[in-house]
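1. Quick one, what's the 3D model for this:
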Amino acid sequence: MLFDGALQTNIELFEKYLSGNPTGELKNPPRCTCSKVSRDFDQICDKPRPTSPRQRRTCDALYLSCARTAAGPLAKPNPQSGLFHSSILFFMMYASLNPGLIGIKTELADSLALAQRHGYRGLDAQIEPLHTAVIQTSAAAVRDQFAQHGLTPGVWNLPFKPYAQTTAKWRDALAKLPPLLATAQSVGATRAGMWLSPGSYDRNYEQNFAFHVERFQPIAGLMADHGIQLGLEFIGPETMLRLFKFPFVRSIAQTRELTRAIGPNCGQIIDSYNWYCAGGTRADFEGLSSREVVGIHLNDAPAGIPVSAQFDGVRRLPGTTGVIDLLGFMQGLANAGYTGPITAEPYDAELSALPADESAARTFRALQSAINSIQSATQPGPLTTCAAT
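-> Numbers count the residues shown, from 1 in each chain. The predicted structure is shown next:
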């Protein structure tokens, strides 16, 4: 499930409220005390956030009503996702920093400060540094660190590849996972991911499918016990596929089939570069549910290289070359109701060579521009009013 239980309940509560209030008038709307709403929607209007806890709860409770009032007829439930029009969901996607993916090596505290300094709303802090921080301080202290910087945890990588281990090593890694999951749950890091190999040397598609279900299902089960989603990412470049004798999952549809076989808390991390390299189109997002999307990697591709020759380890920041249809990609996510972190994974040597602040700033501008494109495409103007005072 993409939304944590509290936020999903609140979304449904507001939909029910607004369905009986088609004019968008703010008459005794329900209140929301969900901390995730407080974190994710504090920039929906241009007024300062109230300092009183009671007023903050009221402001949080009104955010959808404010959005509906400002957006008028655009703020109608989306028939595909059952949620609001993408012009409203624009506000729910946010840029998340993964320092390592843009060549920055830094400790957790410095990463938080870096992300805050450049406008990010999320940080893809990895589980092992988080676990160390919790041991050294406490879960409450780590949560406070994120809150003080105005950030929410993004997606962390599973610390081992279940499909690339011997049975003994896989069992050993599985046994070590529960304490890490307890840490993740305690600090609100409820999105985890792992990429998949696009093929196999010795298993055909059906055999490899069954093998992946066998290896990932126990992991997903442990994660479910801790309220964590597992996202699997297919790899798209043909240059990678050609390394293997047997092909494996390489599309949104094929990955969906695999994740559904693994368990209800298993979804996808969708990378625009992999989507492009695998021949993805806008139609791939039709019927996709927000609950199936755990995280997003947003990248562009180098110009002047045929899609069949694109190499996985060389990409570009989103929007820098225009090779990939990122507007179509983002619109597909918005139509699906996606409301989570967007992370860049450019593998760009020039970007990685820059000072950390410059690299982080460039990356944020590229991500935010892509997020803003949804607003420009679907909405006449920004939402700048809020009824909570």
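2. Pick out the residue closest to the middle of the chain.
-> For the chain, the residue sitting closest to the mean C-alpha position, by CA atoms, centre = their mean, is Gly295 at 2.7 Å.
3. So that residue sits against Gly154, correct?
-> Yes. Counting by CB atoms under 8 Å, a contact exists between Gly295 and Gly154, whose distance comes to 7.1 Å. Where you see a C-beta, it was placed from the backbone N, CA and C, and this is true even at glycine.
4. The closest residue to the residue nearest to the centre of the chain other than its chain neighbours pairs with what?
-> Counting by CB to CB, 6 or more residues apart in numbering, Val155 is the residue found nearest to Gly295 once chain neighbours are left out, at 3.9 Å. With DSSP bridges applied, Val155 shows beta-bridge pairing to Arg191.
5. residues in contact with Val155?
-> Under the criterion of CB atoms under 8 Å, 6 or more residues apart in numbering, the contact list for Val155 reads 96, 98, 124, 191-193, 231, 269, 294-295, 341, 343.
6. I'd like these written out as a markdown table, with distance to Gly279 added.
-> Compiled in a markdown table, the contacts of Val155 are given as follows (distance: CB to CB, whole Å):
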| residue | distance to Gly279 |
| --- | --- |
| Ser96 | 27 |
| Asn98 | 26 |
| Asp124 | 28 |
| Arg191 | 27 |
| Ala192 | 28 |
| Gly193 | 23 |
| Gly231 | 21 |
| Ile269 | 19 |
| Val294 | 23 |
| Gly295 | 22 |
| Pro341 | 26 |
| Thr343 | 23 |
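7. Can you list the residue ranges for strands in this protein?
-> 94-97, 122-123, 152-153, 155-157, 191-195, 199-200, 229-233, 246-247, 266-271, 293-297, 341-343 (DSSP state E).
8. how about the ones you listed in CSV, adding mean pLDDT and distance to Ala115?
-> Rendered in CSV, the data for the strands of the chain read as follows (pLDDT from 0 to 100; distance: least, CB to CB, whole Å):
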stretch, mean pLDDT, distance to Ala115
strand 94-97, 96, 4
strand 122-123, 97, 5
strand 152-153, 95, 10
strand 155-157, 98, 14
strand 191-195, 98, 16
strand 199-200, 97, 35
strand 229-233, 98, 20
strand 246-247, 98, 37
strand 266-271, 98, 19
strand 293-297, 98, 16
strand 341-343, 97, 11
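9. Just send those strands back as CSV, with distance to Ser352 too.
-> As requested, the strands of the chain are exported to CSV (distance: least, CB to CB, whole Å):
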stretch, distance to Ser352
strand 94-97, 14
strand 122-123, 18
strand 152-153, 23
strand 155-157, 18
strand 191-195, 19
strand 199-200, 28
strand 229-233, 21
strand 246-247, 31
strand 266-271, 18
strand 293-297, 16
strand 341-343, 15
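10. do you know which of these lies nearest Thr132?
-> When the strands of the chain are compared by CB to CB, strand 155-157 sits nearest Thr132, at 13.0 Å.
11. which residue ranges form the helices in the stretch 151-300 of the chain?
-> With DSSP state H, counting those that start in this stretch, the ranges of helices along the stretch 151-300 of the chain come out as 167-187, 205-225, 238-241, 252-262, 272-277.
12. Tell me which of those is the most buried.
-> Of these, the one with the most neighbours on average (mean count of other CB atoms under 10 Å) is helix 272-277, at a mean of 26.
13. So what touches it?
-> Helix 272-277 is touched from outside by 233-238, 252, 284, 296-301, 307, 310, 312, 315, 318, 323-326, 329, 345, with contacts defined as CB under 8 Å, 6+ apart.
14. and if we set it to 7 Å?
-> Around helix 272-277, the neighbours that count as contacts under CB atoms under 7 Å, 6 or more residues apart in numbering are 233-238, 297-299, 301, 307, 310, 315, 324, 326, 329.
15. ditto for stretch 247-263
-> In this structure, residues lying in contact with stretch 247-263 by CB under 7 Å, 6+ apart are 196-200, 205, 208-209, 212-213, 216-217, 220-221, 224, 232, 234, 236, 241, 266-268, 270, 278, 284, 288, 292.
16. Output it as CSV, restricted to C-alpha atoms.
-> This file holds the C-alpha atoms of stretch 247-263, laid out as CSV (Å, rounded to 0.1, in the frame of the first residue of the first chain):
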residue,chain,number,x,y,z
PRO,A,247,15.3,-12.8,-20.4
PHE,A,248,13.4,-11.9,-17.3
VAL,A,249,10.9,-9.1,-16.3
ARG,A,250,11.5,-5.9,-18.2
SER,A,251,8.3,-3.9,-18.1
ILE,A,252,5.7,-2.4,-15.7
ALA,A,253,3.2,-5.2,-16.7
GLN,A,254,5.7,-8.1,-16.1
THR,A,255,6.9,-6.6,-12.8
ARG,A,256,3.3,-6.2,-11.7
GLU,A,257,2.7,-9.9,-12.3
LEU,A,258,5.7,-10.7,-10.2
THR,A,259,4.9,-8.3,-7.3
ARG,A,260,1.3,-9.6,-7.1
ALA,A,261,2.6,-13.1,-6.8
ILE,A,262,5.0,-12.1,-3.9
GLY,A,263,2.5,-10.3,-1.7
